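Q: I'll drop the sequence and a predicted model, then ask my questions.
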Amino acid sequence: MNAVPVPHRSVLANVVYGLLNPIPFGCFVAALVFDILYLRTAQVLWNKGAAWLIVFGLLAAVIPRLVNLAQVWITSRRIATRSDKLDFWLNLFAVVAAILNAFVHSRDAYAVVPAGAWLSALTVVLLALGQVILSVQQSAAGNRP
């Protein structure tokens, strides 16, 4: 009897993704909080802090997005589920929104409102929605952490 090997994802890639994926989300949530504080107080410090957090979030998002790209579309495409692919696209759109947000935050402090807050909120919602979809799929499959 010939046993068919079951495709699986790289353990190292899963570890790198699991360690680095929460960092951009935290930066983008903090940037959203700073944008809301800037809307309420008009203190330029909050705007500059949000701009730096967006840049750090984008820099930290590079490696997890490349790992996710490889896992979903290249190495493990046979075992990638619809939720994995939907999470990939939601993350991609969130990164695009964050890039646009970085450009918005590069303007004068008073020119950031309200577009900066809306783009920060969109980025956070897209990332959170992707994580919720993955969590629901894993719970339904019985792979509870």
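A: Looks like it came in fine.
Q: For the rest of this, base every contact and every neighbour count on C-alpha atoms.
A: OK.
Q: tell me what the helix or strand harbouring Arg40 is packed against?
A: Arg40 is part of helix 22-41, with elements assigned from DSSP states H and E. Identification of packing neighbours for helix 22-41 by 3 or more Cα pairs under 8 Å, 6 or more residues apart in numbering; DSSP states H and E yields helix 44-69, helix 115-141.
Q: how big is the angle separating the longest one from helix 22-41?
A: Just to be clear, that refers to helix 115-141. Put simply, helix 115-141 runs at 140 degrees to helix 22-41, going by axes from the mean of the first three to the mean of the last three Cα atoms, to 10 degrees.
Q: Adding mean pLDDT, mean neighbour count and distance to Ser76, write the helices and strands packed on helix 22-41 out as JSON lines.
A: Formatted as JSON lines, those follow (pLDDT from 0 to 100; neighbours: other Cα atoms under 10 Å; distance: least, Cα to Cα, whole Å):
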{"stretch": "helix 44-69", "mean pLDDT": "96", "mean neighbour count": "19", "distance to Ser76": "10"}
{"stretch": "helix 115-141", "mean pLDDT": "94", "mean neighbour count": "18", "distance to Ser76": "16"}
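Q: can I get those helices in JSON lines with distance to Thr81?
A: Below are the helices and strands packed on helix 22-41 laid out as JSON lines (distance: least, Cα to Cα, whole Å):
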{"stretch": "helix 44-69", "distance to Thr81": "13"}
{"stretch": "helix 115-141", "distance to Thr81": "9"}
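Q: Quick one: closest of those to Ala94.
A: helix 115-141 (4.6 Å; Cα to Cα).
Q: For that closest one, what is the distance to the chain centroid?
A: Centroid separation for helix 115-141 versus its chain: 8 Å, with Cα atoms, centre = their mean, to the nearest Å.
Q: about what we covered before: quick check: buried residues in the helix holding Arg40?
A: Along helix 22-41, these residues count as buried under the neighbour rule (16 or more other Cα atoms under 10 Å): 23-25, 27-39.
Q: Roughly how far does the nearest residue to Asp87 once chain neighbours are set aside sit from Phe34?
A: Distances taken as Cα to Cα, 6 or more residues apart in numbering place Gly130 nearest to Asp87, at 4.5 Å, with adjacent residues excluded. For Gly130, the distance to Phe34 equals 23 Å [Cα to Cα, to the nearest Å].
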